[in-house]
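Novice: sequence first, predicted model second:
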Amino acid sequence: MSGIEKTKYQNFSDFKKSNIILENLLIKTDNMGILLEGDGNIIRNCIIESGGIAAIAMAGKNGKILNNKIILNSPLVPGKMKGSNLNRITEIRQLIDARREVKSAITLHYASNTLISGNIIVVKKKSANRHSIYLTASSKNVIIEGNTFIDDQDPVTIVGDSSTVMKRNIIRQETP
């Protein structure tokens, strides 16, 4: 999904029907939590905690993200840089660039008619490049309902011609 917003992908919209179901999983990682591509994938009743670019990244229509706890952490050193020798200037620059990358709890590409419902979504150290839900590449009619967003006044970032319907979501302040 790297570079999916580039021109060569702008007219791409067809994914094979895959119907992958991920259920009742505990995933904790410093990298990408879940990456699924295909039509009709479902993630439900999971706990996904990620320090990478996304806790969940999905490309394809008709997906469902249901009743999960999704946490996007903010590690000092991103997962892809673990084990780097931060004494060298080039690696310090890479660290700065990695911390500036767009990150999100949920990223959707070409995900029209996807349902995101009943989730608890937490983004630690929210900033201009750290999002709860990030919709790109013609993700139209994404239904976002009944979710709880912790400390996030602007839970959805829409890029390009993506669109969403939001219903009965809650924004709750986390107590220290």
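Specialist: Structure received.
Novice: quick check, central residue of this protein?
Specialist: residue 106 (2.0 Å; Cα atoms, centre = their mean).
Novice: distance between whichever strand or helix holds it and the chain's centre?
Specialist: Assigned by DSSP states H and E, residue 106 belongs to strand 103-109. Distance of strand 103-109 from its chain centroid, counting by Cα atoms, centre = their mean, to the nearest Å, is 2 Å.
Novice: that one packs against which elements?
Specialist: For strand 103-109, the elements it packs on are strand 54-59, strand 69-72, strand 120-123, strand 130-136, judged by 3 or more Cβ pairs under 8 Å, 6 or more residues apart in numbering; DSSP states H and E. Using the backbone N, CA and C atoms, a C-beta is placed for each residue, glycine as well.
Novice: so in that sheet, which strands flank that strand, and in what orientation?
Specialist: strand 54-59 (parallel), strand 130-136 (parallel) (DSSP bridges).
Novice: what packs against the helix or strand just after that strand?
Specialist: Downstream of strand 103-109, the first helix or strand assigned by DSSP H and E is strand 115-117. Contact here means 3+ Cβ pairs under 8 Å, 6+ apart; on that basis strand 115-117 packs against strand 64-66, strand 142-145.
Novice: thanks a lot, see you next time.
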